[in-house]
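Colleague: coordinates only, sequence not included:
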RNA sequence: GCGCCUGUAGCUCAGUUGGAUAGAGCGUCGGUCUACGAAACCGAAGGUCACAGGUUCGAAUCCUGUCAGGCGCGCCA
């Protein structure tokens, strides 16, 4: 197996070497950047190395840049660099030669289908817990955003080499379960829903079903358990349809039945972080930066949600996960500090715990925001949205914004199967390429990208160069998106790839292109683009259709 | 009151571990189908990057303060 050199890394290290040479081998401060300049006239890649060196050398940045350029020209040679210019305050701008581009294509081709996302240096065993919606009602669109985000994040983390599991925490214990059972039982008996009960139409449907199964409405335990089971069946079905599969469904009840809550409390006690006051058992979370201490066992002897959650996270750590990622709704962000404190209190490194806060999704139709409240039953079910706009559009619109910002999902836009809909833009580029490749295959057999991409000596068009540079960004984008827990970056990137492809397609005839090896080279570029788009969409859990 | 988050084009948002003339989609206006998919492309209009200071060669990005909005501040989950 041949390992093609990374063409970007090659340039980067040349810049570093040149910078080092100017300092007579004495190490400099920050690594110089190598980035795409804002405008094409400013070259293919550009470095701030001269500006960084100017201060320690005590020279004018532009003079340093001039020397750096000379050094770089010599190092890289005409086979890589066409010319180097100094611009602005002292940027060194590289204009690359076609042979470099052809080597870059060969490098992409040799990376194969995966296009070689850069692995992290220290892979971790990570548990990502997400959705974890209370099993008291169908999944709504907010849960759908959690699902899309969590799932895509896991795909990203796996792509860069982490070992990751998806987990759904089922809150099947506690007060809201009692209210849920009481609400179902009330419906079964034809009574009013109690105060603080669940009022959705699905509660009545559950009641009918449970009654038909012969369960006694006065047996709240049985009603609640069966209700949860039925809700979870539905939630599983919705998630399955959405393409989100969990490795593990973790039951809160099991924590109690296995004695893990007691064990976790004992551990906290042993570490000296608990105390009794006002009949309750408290956790001294203020030791670890929380603004007040928190109750673990109420005065009435009932454990709090926190007690179970401490046990749950203790369990995660015991299972050997090196990093615990919790995706939480914005309304739970106040909870993070105490959980952080609790993990520290158990004696674990709290840095291993990472809470990601998800903000809301608003469904917008005719300029109106639909409200979502599970208690009142007035919410938009994820299933409804999937019926309306489909899985791909739903995932796209839930992922294309940072998790840290509210999403307004305009269903009228998402519903359109037309050129206004940004979802299809990327998919269309993929389908268009597939169509070209089908035609090429029909005429001359399967298209291959391996050999031959380097041989043509016809000059590349500017849009071909743009596209190649864009494709080269893929591994870095994936790594960045994973590190920053930011799947939406992949949406942005995929859109850019599609735009660059359309530009290339506009300017460059592919099939029947004139010139020695030009058609072959362009077909290879089209195929590499197709792989990149499919790779990007795959990380988002969105299909890459051959036809639309 | 305290804490966290947010404030970028008409709308919804990218860009935020400091880089050059701040971008995309939608919306508006105008062009392009006799070559490989017009679900596309090209062009125009549209900005005090909330405001005020500061740090420096350079700030949407970092620091301080102010204003505005969201969320949280339970022996609920």
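Modeller: Looks like it arrived, so ask away. Remember, it's a predicted structure, so these values are computed and weren't measured experimentally.
Colleague: Could you check how many residues crowd around the residue of the stretch 251-400 of chain A found nearest RNA strand B?
Modeller: The nearest approach of the stretch 251-400 of chain A to RNA strand B comes at residue A:334, 1.8 Å away (C-beta to the nearest atom of the strand). C-betas here are computed from N, CA, C, even on glycine. Around residue A:334 sit 9 other residues, with neighbours defined as other C-beta atoms under 10 Å.
Colleague: go on, the one 5 residues further on?
Modeller: With neighbours defined by other C-beta under 10 Å, the count for residue A:339 comes to 24.
Colleague: One more: the one 3 residues further on?
Modeller: As a burial measure, the neighbour count of residue A:342 was computed by other C-beta under 10 Å and equals 28.
Colleague: same thing with residue A:541?
Modeller: Residues within reach of residue A:541, counting by other C-beta under 10 Å, total 21.
Colleague: just residue A:344 next, same as before
Modeller: Neighbours of residue A:344 (other C-beta under 10 Å): 20.
Colleague: likewise residue A:228?
Modeller: Quick note: residue A:228 (other C-beta under 10 Å) scores 22 neighbours.
Colleague: For the helix or strand harbouring it, which helices and strands make contact with it?
Modeller: Assigned by DSSP states H and E, residue A:228 belongs to helix A:220-242. If you count contacts as 3 or more C-beta pairs under 8 Å, 6 or more residues apart in numbering; DSSP states H and E, helix A:220-242 packs onto helix A:141-159, helix A:175-188, helix A:201-212, helix A:382-389, helix A:391-399.
Colleague: Out of these, flag the one nearest RNA strand B.
Modeller: Among the helices and strands packed on helix A:220-242, helix A:175-188 sits nearest to RNA strand B (C-beta to the nearest atom of the strand), with 4.4 Å.
Colleague: Wait, residue A:79 touches residue A:98, no?
Modeller: No. In this structure residue A:79 lies outside contact range of residue A:98 using C-beta atoms under 8 Å: 9.5 Å.
Colleague: the more surrounded of the two?
Modeller: residue A:98 (17 against 10).
Colleague: List the contacts of the more buried one.
Modeller: Contact analysis of residue A:98 by C-beta atoms under 8 Å, 6 or more residues apart in numbering lists A:457, A:459-460.
Colleague: For it, give me the pLDDT.
Modeller: With respect to pLDDT, residue A:98 scores 93.
Colleague: And it, how far from RNA strand B?
Modeller: 20 Å (C-beta to the nearest atom of the strand, to the nearest Å).
Colleague: Mind picking out the helix or strand in chain A with the poorest mean pLDDT?
Modeller: Lowest mean confidence among the helices and strands of chain A (mean pLDDT, DSSP states H and E): strand A:368-369, at a mean of 64.
Colleague: quick one on the thing from earlier: the contacts of residue A:98, buried ones only, as a PyMOL selection?
Modeller: This is how PyMOL selects the buried members of the contacts of residue A:98, with burial counted by 16 or more other C-beta atoms under 10 Å:
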select buried, chain A and resi 460
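Colleague: Which one of the contacts of residue A:98 is nearest to RNA strand B?
Modeller: Taking C-beta to the nearest atom of the strand as the measure, RNA strand B sits nearest to residue A:460 out of the contacts of residue A:98, at 15.3 Å.
Colleague: and the residue nearest to that closest one when sequence neighbours are not counted, what are its phi and psi?
Modeller: Nearest residue to residue A:460 in three dimensions, chain neighbours excluded: residue A:98, at 5.3 Å (C-beta to C-beta, 6 or more residues apart in numbering). Residue A:98 has phi and psi values of phi -50, psi -40 when expressed as degrees, to the nearest 10.
Colleague: Kindly report the same for residue A:274.
Modeller: phi -120, psi 160.
Colleague: rewinding a little: want to try a markdown table for the helices and strands packed on helix A:220-242, with mean neighbour count, mean pLDDT and distance to residue A:318 as columns?
Modeller: Formatted as a markdown table, the helices and strands packed on helix A:220-242 follow (neighbours: other C-beta atoms under 10 Å; pLDDT from 0 to 100; distance: least, C-beta to C-beta, whole Å):
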| stretch | mean neighbour count | mean pLDDT | distance to residue A:318 |
| --- | --- | --- | --- |
| helix A:141-159 | 25 | 94 | 21 |
| helix A:175-188 | 21 | 91 | 26 |
| helix A:201-212 | 17 | 93 | 35 |
| helix A:382-389 | 18 | 90 | 33 |
| helix A:391-399 | 25 | 93 | 32 |
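Colleague: Now do the contacts for the residue lying closest to residue A:152 once chain neighbours are set aside.
Modeller: Nearest non-adjacent residue to residue A:152, counting by C-beta to C-beta, 6+ apart: residue A:487, 4.0 Å away. Contact analysis of residue A:487 by C-beta under 8 Å, 6+ apart lists A:149, A:152-153, A:156, A:399, A:481, A:539-540.
Colleague: Could you pick out the residues of the stretch 251-400 of chain A near RNA strand B for me?
Modeller: Counting by C-beta under 7 Å from any atom of the strand, the residues of the stretch 251-400 of chain A close to RNA strand B are A:277-280, A:291-292, A:294-295, A:298-300, A:302, A:304-306, A:330-335, A:357, A:359, A:400.
Colleague: please redo it, this time with the cut-off set to 6 Å
Modeller: The stretch 251-400 of chain A comes close to RNA strand B at residues A:278-280, A:295, A:298-299, A:304-305, A:330-335, as judged by C-beta under 6 Å from any atom of the strand.
Colleague: Now the buried members of those.
Modeller: Looks like these have A:280, A:295, A:304, A:335 buried, using 16+ other C-beta under 10 Å.
Colleague: can I assume the third one is in contact with residue A:296?
Modeller: Think residue A:304. Yes. Look at residue A:304 against residue A:296 with C-beta under 8 Å: they come within range, at 6.0 Å.
Colleague: The residue nearest to residue A:286 when sequence neighbours are not counted: neighbour count?
Modeller: In space, and not counting its chain neighbours, residue A:286 is closest to residue A:293: 5.5 Å by C-beta to C-beta, 6+ apart. Counted with other C-beta under 10 Å, residues neighbouring residue A:293 total 18.
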